[in-house]
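# the sequence isn't on hand, but the structure is:
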């Protein structure tokens, strides 16, 4: 009986510790911006899922392409139908790690430089990426921010010949996610 | 004035008017008015979530890109910066609780806050698909 109670205690402890190290959000934001002679393109998605395990550094970000909101309806239509083909590829994902978690004190408020490495999948194409960002620890929350460029050709996103050169081939992505500890 | 010159000027004027109309009504077209849009589907929020969980491809083909009206009791209201979200929870997964998440239109933020978790509510929004939750954007409350 004592052994059973001990096993239950240890299981509960391990479970609570592992959950205690996982931070999540469903309200992250990803913005993208590109400026070119023909078109300034700007959109925002405020329903971004992110999860960070502070013990292992594992980081997952998942976004629905159709949740990018543009000011102009036609631009949003072109983005979904012609560029990212969101019916065929509804999500973009990042699966990777914060590689320098040993330099981050998740128990202490402050700003920390972070390096993130992993697989970024957009438009059904997966590439290994390594980007820099910051982690801000405050009030028990972790805010992760990173700004990086994405080359459309890297993800086989084609610009129609007629407007090639008038639309930027690179877009700047800003990821901002504020994660809370996961309590289930 | 010669006929050909008149014709040329007329066609040029027609061209300019066409370009201006295209710019204002097609290229510069704002987002549709989702508050006034008719819902193509009406169902309990729980059923919408269950359909996506059970068969995402089929649910996508039915609801994604459509205006959907859901009914149910709110699990909570979330405020993130300037956004207000109505959240219905029916399960849990790797990112936490899962269900239906509705981003409210600006003119419905204040009204939503008046609702509690015991009062049934009807919310209409544009379904953008399933990201562990069913996502509805441009949402309004239907009285």
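Now that the structure is in, tell me what you want to look at. Here the structure is a predicted model, which means the values were calculated and not measured. Residues are numbered from 1 along each chain as shown, chains lettered A, B, ... in the order given.
# going along the chain, name the strands of chain B.
Using DSSP state E, the strands assigned to chain B run over residues B:41-44, B:67-73, B:76-80, B:83-93, B:96-104, B:120-130, B:134-141.
# would you turn the ones you listed into CSV with mean neighbour count and mean pLDDT?
Glycine gets a C-beta too; all of them are placed from N, C-alpha and C. Listed next are those as CSV, based on neighbours: other C-beta atoms under 10 Å in any protein chain shown; pLDDT from 0 to 100:
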stretch, mean neighbour count, mean pLDDT
strand B:41-44, 15, 98
strand B:67-73, 20, 97
strand B:76-80, 14, 93
strand B:83-93, 19, 95
strand B:96-104, 24, 96
strand B:120-130, 22, 96
strand B:134-141, 24, 96
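# would you turn the ones you listed into JSON lines with distance to residue A:171?
As requested, the strands of chain B are exported to JSON lines (distance: least, C-beta to C-beta, whole Å):
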{"stretch": "strand B:41-44", "distance to residue A:171": "34"}
{"stretch": "strand B:67-73", "distance to residue A:171": "29"}
{"stretch": "strand B:76-80", "distance to residue A:171": "24"}
{"stretch": "strand B:83-93", "distance to residue A:171": "23"}
{"stretch": "strand B:96-104", "distance to residue A:171": "23"}
{"stretch": "strand B:120-130", "distance to residue A:171": "20"}
{"stretch": "strand B:134-141", "distance to residue A:171": "21"}
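# of those strands, which approaches residue A:52 most closely?
Closest of these to residue A:52 is strand B:96-104, at 12.5 Å (criterion: C-beta to C-beta).
# domains for chain B, by residue range?
Split into domains by automatic domain parsing, chain B comes to B:1-30, B:41-141.
# quick one: the ones you listed as CSV, columns for distance to residue A:130 too.
Conversion of the domains of chain B to CSV gives the following (distance: least, C-beta to C-beta, whole Å):
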stretch, distance to residue A:130
domain B:1-30, 38
domain B:41-141, 24
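# compare those and give me the one nearest residue A:85.
Shortest distance between residue A:85 and these, using C-beta to C-beta, is found for domain B:41-141: 13.3 Å.
# wait, does that closest one make contact with chain A?
Yes - contact of domain B:41-141 with chain A (C-beta under 8 Å from any C-beta of the partner chain) involves B:60, B:64-65, B:78, B:80, B:83, B:85, B:92, B:94-97, B:101, B:103, B:128-133, B:135, B:137.
# now the closest residue to residue A:136 other than its chain neighbours: how far from chain B?
Taking C-beta to C-beta, 6 or more residues apart in numbering or on different chains, and ignoring the residues beside it in sequence, residue A:136 has residue A:143 as its nearest neighbour in space, at 4.3 Å. According to C-beta to the nearest C-beta, to the nearest Å, residue A:143 stands 12 Å off from chain B.
# re earlier: between the domains of chain B, which one is nearest to residue A:53?
domain B:41-141 (10.4 Å).
# burial count for the nearest residue to residue B:96 once chain neighbours are set aside?
Once its chain neighbours are removed from consideration, residue B:96 has its nearest residue in residue A:24; the separation is 4.9 Å (C-beta to C-beta, 6+ apart). Other residues lying near residue A:24 total 24 when counted by other C-beta atoms under 10 Å in any protein chain shown.
# try the one 4 residues further on
Other residues near residue A:28 come to 23 when the count uses other C-beta under 10 Å.
# cool, the one 3 residues further on as well?
Residue A:31 is surrounded by 17 other residues when neighbours are defined as other C-beta under 10 Å.
# then the one 5 residues further on?
With neighbours defined by other C-beta under 10 Å, the count for residue A:36 comes to 16.
# quick check, pLDDT for it.
Each residue has a pLDDT score; the one for residue A:36 is 73.
# residue B:59 contacts residue B:49, doesn't it?
No - in this structure, residue B:59 is not within contact of residue B:49 by C-beta atoms under 8 Å, at 9.3 Å.
# the nearest residue to residue B:78 once chain neighbours are set aside bridge partners, please.
Nearest residue to residue B:78, sequence neighbours excluded (C-beta to C-beta, 6+ apart): residue B:85, at 4.4 Å. Listed beta-bridge partners, residue B:85: residue B:78, residue B:103 (assigned using DSSP bridges).
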